[in-house]
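Enquirer: sequence and predicted structure are below.
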Amino acid sequence: ETGVTQSPTHLIKTRGQQVTLRCSSQSGHNTVSWYQQALGQGPQFIFQYYREEENGRGNFPPRFSGLQFPNYSSELNVNALELDDSALYLCASSLGGGGPSNEQFFGPGTRLTVL
Amino acid sequence: DAKTTQPNSMESNEEEPVHLPCNHSTISGTDYIHWYRQLPSQGPEYVIHGLTSNVNNRMASLAIAEDRKSSTLILHRATLRDAAVYYCILRPLQGGSEKLVFGKGTKLTVNP
């Protein structure tokens, strides 16, 4: 069974650029959640996709957008990068519909640095 | 989102038990209590969860107070590999997305 994978591992961009991060969910999982983790902080929920539809969004501006594909892999896109977007971006997959006892499986993250 | 309070840091010695506390005085009757941990340079990983009764699994035990306003994650014999940030998270029964709301967690240091 393959776990959650993310690419790339590290990325350096300049302010104003756009970035796309990718996530492959664990086999059999239909739900993907994205989190942003600033240095020294806990992860903050960005949004979640369930069966290709957005299913909840955190307090992030519209320049953070996403997609989920028919194979349940997902992309996170960030436009007009700002310095404060520098963070570890985590993807988590789960089998949606399991309710509050559902476990989420996290990938290793993508470290984004904005200069 | 229901709030949890955890100590910023704790220290333990290898092979000794560790009790990590979490206060959640505003918990509702249907909120599940979850624990995740994040090892250095890794994504968080699930540890354990419970609703009302104490729970045990291969990683840890979860002791839930009778009034559910607090809980304790118990690592029975800490190893160096248990050094991580531990997050206590409340998950509501209803509410749309199955998001996790992380606080700052407790950084556990394990001394050899």
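Expert: Yes, it's here.
Enquirer: make sure residue A:84 is indeed in a helix.
Expert: Yes: under DSSP: H, G, I helix; E, B strand; the rest coil, residue A:84 sits within a helix.
Enquirer: and for it, the neighbour number?
Expert: Close neighbours of residue A:84, defined as other CB atoms under 10 Å in any protein chain shown, add up to 9. C-beta coordinates here come from the backbone N, C-alpha and C atoms, glycine included.
Enquirer: that one: what's it in contact with?
Expert: residue A:114 (CB atoms under 8 Å, 6 or more residues apart in numbering or on different chains).
Enquirer: check which helix or strand covers residue A:34.
Expert: Counting by DSSP states H and E, the element that carries residue A:34 is strand A:31-37.
Enquirer: helix or strand right after that strand?
Expert: Under the assignment DSSP H and E, the closest C-terminal helix or strand after strand A:31-37 is strand A:44-50.
Enquirer: list the buried residues in the next helix or strand after that next one.
Expert: Next along the chain after strand A:44-50, taking DSSP H and E as the criterion, comes strand A:53-57. Neighbour counts over strand A:53-57 (16 or more other CB atoms under 10 Å in any protein chain shown) mark A:55-57 as buried.
Enquirer: ok, the helix or strand following strand A:53-57 near chain B or not?
Expert: The first helix or strand that comes after strand A:53-57 along the chain, using DSSP H and E, is strand A:64-68. No: Strand A:64-68 lies out of reach of chain B by CB under 8 Å from any CB of the partner chain, never closer than 12.7 Å.
Enquirer: tilt between strand A:64-68 and strand A:31-37?
Expert: Following axes from the mean of the first three to the mean of the last three CA atoms, to 10 degrees, one obtains 150 degrees for the angle between strand A:64-68 and strand A:31-37.
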